[in-house]
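Peer 1: Build the 3D model from these lines:
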Amino acid sequence: MSVQIVESIKQQLTPFSPGFWFFDGHSVKMDEQARTLLQLDSPEVALEDFLKIIDERSAGFLRKFFSSLHADTLVLKFTMKHSPEKWILIQGGVLNRDSSGRVACCSGYCVELRTKFSFPRLFQANEMGIWEWDGITGECRFCESYRAMLG
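Peer 2: From the prediction side, this is the model:
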């Protein structure tokens with residue numbers, strides 16, 4: 001990819017653009033937007049190192065989520081220890097758990113919450129048309145609002 005194209009893409013990203021992340025069971029891998037949002041030097045960080053730089057309550061929740069909490073969806077509002085005034089929303093879904101229940105694969109996005117309206121608006125997912133496709137079975141599931149939009 002040429003430098004001009006990369007620069008053009010960077011200019012189109014705003015502080016409100018989501019950053020995407022992927023957890024492989026050991027470390028969190030991030031795209032440039034997520035890394036910039038979280039103010040990290042590396043695009044990959046071990047889970048325990050990541051948990052050390054976020055607020056204690058959120059770190060405890062994530063530790064439980066990735067190790068034993070059998071939830072499929074992750075939604076968490078947290079702050080970084082070095083920027084406690086900056087709120088970040090992370091959302092994602094578990095793609096796979098190992099035989100002991102630990103998350104083996106999980107991915108999602110994160111955004112900075114800039115106003116008091118950002119957080120509630122993101123949770124109004126019932127106003128959006130959301131669907132998911134199961135790549136193994138080929139089944140596609142639609143939420144009720146998506147069905148309503150399609151008639």
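
Peer 1: In this structure, which residue is most central in space?
Peer 2: In the chain, the C-alpha nearest the mean C-alpha coordinate belongs to Tyr109, at 2.8 Å (CA atoms, centre = their mean).

Peer 1: got the contact list for it?
Peer 2: Pro18, Gly19, Phe20, Trp21, Ala34, Ile90, Gln91, Gly92 (CB atoms under 8 Å, 6 or more residues apart in numbering). Backbone N, C-alpha and C define where each C-beta goes, glycine included.

Peer 1: Identify the residues contacting the longest helix seen in the chain?
Peer 2: Using DSSP state H to define each element, the chain has its longest helix at helix 56-67. Outside helix 56-67, the residues within contact range by CB under 8 Å, 6+ apart are 23, 47, 51-52, 54, 71, 74, 76-79, 101-103, 106.

Peer 1: returning to that earlier point: in which helix or strand does the residue nearest to the centre of the chain reside?
Peer 2: When secondary structure is defined using DSSP states H and E, the element that contains Tyr109 is strand 103-113.

Peer 1: Same question for Thr36.
Peer 2: Per DSSP H and E: helix 32-37 holds Thr36.

Peer 1: next structured bit after that helix?
Peer 2: Next along the chain after helix 32-37, taking DSSP H and E as the criterion, comes strand 44-46.

Peer 1: same question for the helix or strand following that next one, mean pLDDT?
Peer 2: Using DSSP H and E, the helix or strand that follows strand 44-46 towards the C-terminus is helix 47-52. Confidence for helix 47-52, expressed as mean pLDDT, is 95.
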